[in-house]
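Peer 1: When you get a sec, could you give me coordinates for this:
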Amino acid sequence: MANSLLLLVALLVAGCTALASATTYTVGDSQGWTTNGDYSTWASGKSFAVGDKLVFNYMSKAHSVTEVSKSGYDTCSGANALKDDESGNTVITLQTPGTYYFICNIPGHCANGMKLAVAVAATPSGTTPSAGALQVPAMASVVAAAAGAAIKLALF
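Peer 2: Take a look at the predicted model:
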């Protein structure tokens, strides 16, 4: 029984660690979200995963963070924006795998390079599937199975 309880505790700790492994990225680092940024270079060395957060820091109303489709990104058009914020501090949680596209919708800013595309993986590179935020239900079933096994062992 003691071994089963240790296994259960280990699985619970692993599940909590997986949730805590998300990374918060400040777009543009100390420069922030500005017309002087090179966001393709900024994103190029990073691995984004589900659960990570993008923090956009910028002067309120002078810029915007507008999430758009690939077409909107390519043409610098926020006409059919998925999300739009100009508060000065925008936090985006990357909730699903795929590519996210962001532009500044202030006229001329996107055309001058104020745009960002990030490819988001289901799990961080080099991790097992159970470490991804989307895998929490799978972890819950493992914990439930371990708890069931612990109960069976306790009864015998």
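Peer 1: Buried residues, stretch 50-65. List them.
Peer 2: V50, G51, D52, L54, F56, N57, Y58, H63, S64, V65 (16 or more other C-beta atoms under 10 Å). (C-beta placed from N, C-alpha, C; glycine too.)
Peer 1: Quick check: phi and psi at the nearest residue to N57 once chain neighbours are set aside.
Peer 2: Closest residue in space to N57, ignoring its immediate chain neighbours: G32 at 4.1 Å, by C-beta to C-beta, 6 or more residues apart in numbering. Main-chain torsions, G32, degrees, to the nearest 10: phi 80, psi -160.
Peer 1: Kindly report the same for G72.
Peer 2: When read as degrees, to the nearest 10, the backbone of G72 gives phi -60, psi -40.
Peer 1: so what pLDDT did it get?
Peer 2: G72 is assigned a predicted lDDT (pLDDT) of 98.
Peer 1: any idea how far A43 is from it?
Peer 2: 18 Å (C-beta to C-beta, to the nearest Å).
Peer 1: and T99, helix, strand or coil?
Peer 2: Reducing the assignment at T99 to three states with DSSP: H, G, I helix; E, B strand; the rest coil gives strand.
Peer 1: Share the number of residues neighbouring it, please.
Peer 2: Neighbours of T99 under the rule other C-beta atoms under 10 Å: 12.
Peer 1: got it, and the one 3 residues further on?
Peer 2: A count of nearby residues for F102, using other C-beta under 10 Å, gives 28.
Peer 1: So that it lines up with my notes, have the first residue be 39 from now on.
Peer 2: Sounds good: first residue 39 from here, last item F140.
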